[in-house]
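Trainee: this one's sequence-less:
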């Protein structure tokens, strides 16, 4: 008879999950996902259930990594909240199962996993696509994803300046209070991104907040918000002049309003660059459109469970 599942709460995930172990595992998983001739990773496009009364969605994100023996699904609710709302924009739970027996091995709080694996993949995109001499990071948005992106980008790279913008002064003040190093508060999105080498968009916007005419040649954009086919963060000008990379081509073509509504061509998946089958065009404007994938959650959850077991075995 199978043992009862382990339950790992959010505060424990925060203690167990670290970028230094997470980033290389995500890079490996992205490469495996993009090798289409391999059955190593099976991951359908996420299934979406609309929550019309609550102005939100329930997403189911399964993934199976055959050679690693990882079977996982994430259940995530995300909402279009009004500015100033005190309700959470995202709530998530990750479930790890035994692929041979089908029983649940672990139930893990998914919010920290979602924040960290999303930011880590954005940082991987910057590692692959930004210019080596990049000095200025701009972050549009000041929520949880903005903080997680700030933390991993400043941990992995050395920027001389970090700029931040939000629609509200309160958001900027809260963000500046939450970080350990000085950041430049900007009064407009344009002010934040003019001359920036790397731009991260982590907003709740459903209309473009970043315009191609503001973005300098050779800048890299990691676009994280706008995860529905009718939502946008980036304008047509930026999408059509930049070289566009995604985490999943199939996911982007079905879920990304930035890709679908602009008609932009997807050049490659990040995994293609990792595998060496597509080049990294560092000299051009580049956009990485992030949607998140079940395999990212699976790798993160396995790492959390492994770390939990290792801690439990210590005397």
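Mentor: Good, I have the coordinates. Nothing here was measured: the structure is a model prediction, and the numbers come from that model. Residues are numbered from 1 along each chain as shown.

Trainee: Which residue, neighbours along the chain excluded, lies closest to the residue nearest the centre of the chain?
Mentor: The residue lying closest to the centre of the chain (C-alpha atoms, centre = their mean) is residue 118, at 2.3 Å. The shortest distance from residue 118 to any non-neighbouring residue, by C-beta to C-beta, 6 or more residues apart in numbering, is to residue 292 (5.8 Å). Any C-beta I mention is one placed from the backbone N, CA and C, and that applies to glycine too.

Trainee: residue ranges for the strands of the stretch 1-150 of the chain, please.
Mentor: 6-8, 41-42, 47-51, 56-65, 70-79, 90-97, 104-109, 136-140 (DSSP state E, counting those that start in this stretch).

Trainee: Can you tell me which of these is packed in deepest?
Mentor: When the strands of the stretch 1-150 of the chain are scored by mean count of other C-beta atoms under 10 Å, the highest mean neighbour count falls to strand 136-140 (a mean of 26).

Trainee: average pLDDT across it?
Mentor: With pLDDT averaged residue by residue, strand 136-140 scores 98.

Trainee: for that strand, packing partners?
Mentor: Secondary-structure packing of strand 136-140 (3 or more C-beta pairs under 8 Å, 6 or more residues apart in numbering; DSSP states H and E): helix 144-156, strand 161-165, helix 189-193, strand 198-201.

Trainee: For the ones you listed, give me a markdown table that also has distance to residue 265.
Mentor: Below are the helices and strands packed on strand 136-140 laid out as a markdown table (distance: least, C-beta to C-beta, whole Å):
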| stretch | distance to residue 265 |
| --- | --- |
| helix 144-156 | 26 |
| strand 161-165 | 29 |
| helix 189-193 | 23 |
| strand 198-201 | 20 |
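
Trainee: Kindly reformat these as JSON lines and extend each row with distance to residue 209, mean neighbour count and mean pLDDT.
Mentor: Below are those laid out as JSON lines (distance: least, C-beta to C-beta, whole Å; neighbours: other C-beta atoms under 10 Å; pLDDT from 0 to 100):
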{"stretch": "helix 144-156", "distance to residue 209": "13", "mean neighbour count": "21", "mean pLDDT": "97"}
{"stretch": "strand 161-165", "distance to residue 209": "9", "mean neighbour count": "21", "mean pLDDT": "97"}
{"stretch": "helix 189-193", "distance to residue 209": "5", "mean neighbour count": "21", "mean pLDDT": "98"}
{"stretch": "strand 198-201", "distance to residue 209": "7", "mean neighbour count": "29", "mean pLDDT": "98"}
